[in-house]
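[1] Okay, predicted coordinates and the sequence, questions at the end:
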Amino acid sequence: MTKAAVMGSGSWGTAYAKVLADAGTDVMMWARRAELAQCIEERNENRDYLRGIILPERLHATADPAAALEGADIVVLAVPSQTLRTNLVAWKEMLPPDATLMSLAKGIEMDTLLRMSQVITQVTKADQSRVAVLSGPNLAREIAESQPAATVIACPDSSRAIALQKACHTMYFRPYTNADVIGCEIGGACKNVIALACGMAAGVGLGVNTVASIITRGLAEITRLGVALGANPATLAGLAGVGDLVATCTSSLSRNRSFGEALGRGGSMAEAQAATHGQVAEGVKSCTSVQALANSYGVEMPLTNAVHQVCHEEQEVLDAVQQLLGRRMKPE
Ligand SMILES: NC(=O)C1=CN([C@@H]2O[C@H](COP(=O)(O)OP(=O)(O)OC[C@H]3O[C@@H](n4cnc5c(N)ncnc54)[C@H](O)[C@@H]3O)[C@@H](O)[C@H]2O)C=CC1
Ligand SMILES: O=C(CO)COP(=O)(O)O
């Protein structure tokens, strides 16, 4: 039987571990805090992140990373983007030598401007054929409630991609394979920034036309960046691009959208953080790294720049809106 180690017991790590277990995969989760591992192990519930969801009996948890990783065929990396490197450095000697290393994180590393798959190959020295990413419209609570959704698993090695697909296919979770790792990662990281923009617009009281315009122009700038980095534009027109933009930019379950909404209502960064209940809103940091990455490739990303100005340069949301609308006219 396939064995997976899920490293990280936040909302998505836990929901995805449940998917794997429901698909018949043996799952061991790693939680940073021993009391959370114990709660999952003994009560089949992650009370801190997915209260009320009963986890399958076959899903186990530990706070010992070596015990979680032992014998794993698949290592699922489910910690926030900006912590992945430090965690991998601690875990690298414990990683089974042929395991597939799959990232769930949606972000670009600050300073290095690396995608998560690049961080993984750099730290672990694993061949890139062993590295995969999963991305798509997958709000954790809906998946944990077994509501139907699709996703994309990207890996350069198609046989590993198919093995990953089988390991998490259930009657409510439909994974598609794709060879375009860059497109999936750029879609996942950048849509968080656009969801912040949509939240800000909603927070200041703007309506659906505005949100739809931000989603669509957001897709245009994400695609420009993706193509410059070597992504297939079709990936960004799929689940890891449009699909995830629609889910994240329109759902009150999205931490990024909620964070932006709190800022739009006039809240401080600390108040916006509180609106996400201490969970990670990746776009707040990734707007800086995505902006820097785009600048280094000479790609224009006006919405990302506006989000950066509001989050980190003390610009008011309404001023950012005026600035965006005052840009020079151009064809679509
Ligand atoms: N929640 C969701 O609906 C989805 C989240 N994602 C992505 O999955 C990644 C993980 O997100 P969530 O599980 O939702 O976040 P979360 O905020 O719910 O949980 C983060 C988890 O990482 C742990 N953590 C935080 N800092 C850490 C550190 N320095 N070292 C080790 N562990 C640390 C926390 O204790 C917690 O268990 C993010 O990149 C997010 O964008 C992707 C798809 C869906
Ligand atoms: O990535 C997600 C859905 O696909 C989750 O979005 P948030 O991190 O904004 O909650």
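    Thanks, I have it. Ligands and ions are numbered 1, 2, ... in the order given.
[2] how much space between the residue of the chain found nearest ligand 1 and ligand 2?
    Proximity to ligand 1, evaluated over the chain using Cβ to the nearest ligand atom, is greatest for residue 10 at 1.8 Å. C-beta: built from backbone N, CA, C; applies to glycine. Residue 10 sits at a distance of 10 Å from ligand 2 (criterion: Cβ to the nearest ligand atom, to the nearest Å).
[3] what's the burial count for the residue nearest to that residue when sequence neighbours are not counted?
    Spatial nearest neighbour of residue 10, excluding adjacent residues (Cβ to Cβ, 6 or more residues apart in numbering): residue 49 at 5.3 Å. Neighbourhood size, residue 49 [other Cβ atoms under 10 Å]: 23.
[4] which element is residue 49 on?
    Under the criterion DSSP states H and E, no helix or strand holds residue 49.
[5] so who does residue 77 touch?
    7, 8, 84, 87, 88, 101, 102, 103, 104, 105, 116, 120 (Cβ atoms under 8 Å, 6 or more residues apart in numbering).
[6] For burial, what's the neighbour tally of the last one?
    Look at residue 120: counted by other Cβ under 10 Å, it has 28 neighbours.
[7] List just the nearest of the contacts of residue 77 to residue 69.
    residue 7 (7.6 Å; Cβ to Cβ).
[8] Quick check: beta-bridge partners of the closest residue to the closest one other than its chain neighbours?
    Residue nearest to residue 7 in three dimensions, not counting chain neighbours: residue 30, with 4.8 Å by Cβ to Cβ, 6+ apart. Using DSSP bridges, the bridge partners assigned to residue 30 are residue 7, residue 62.
[9] Residue 30 touches residue 4, doesn't it?
    No - with contacts counted by Cβ atoms under 8 Å, residue 30 stays clear of residue 4, the gap being 11.1 Å.
[10] mind saving the C-alpha coords of stretch 102-120 as PDB?
    Provided in PDB are the C-alpha atoms of stretch 102-120 (Å, rounded to 0.1, in the frame of the first residue of the first chain):
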ATOM      1  CA  MET A 102       5.200  17.200  -3.300                       C
ATOM      2  CA  SER A 103       4.500  20.800  -2.300                       C
ATOM      3  CA  LEU A 104       1.100  22.100  -1.400                       C
ATOM      4  CA  ALA A 105       2.400  25.600  -0.600                       C
ATOM      5  CA  LYS A 106       1.300  28.600  -2.800                       C
ATOM      6  CA  GLY A 107       4.000  31.200  -2.500                       C
ATOM      7  CA  ILE A 108       7.300  32.500  -3.800                       C
ATOM      8  CA  GLU A 109      10.200  32.600  -1.400                       C
ATOM      9  CA  MET A 110      11.200  36.100  -0.300                       C
ATOM     10  CA  ASP A 111      14.800  37.200  -1.100                       C
ATOM     11  CA  THR A 112      15.600  34.200  -3.400                       C
ATOM     12  CA  LEU A 113      12.400  34.600  -5.500                       C
ATOM     13  CA  LEU A 114      12.400  30.800  -5.900                       C
ATOM     14  CA  ARG A 115       9.300  28.700  -6.500                       C
ATOM     15  CA  MET A 116       8.700  26.000  -3.900                       C
ATOM     16  CA  SER A 117       9.800  23.200  -6.300                       C
ATOM     17  CA  GLN A 118      13.100  25.100  -6.700                       C
ATOM     18  CA  VAL A 119      13.500  25.400  -2.900                       C
ATOM     19  CA  ILE A 120      13.000  21.700  -2.600                       C
END
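[11] That concludes my questions; thank you for your assistance.
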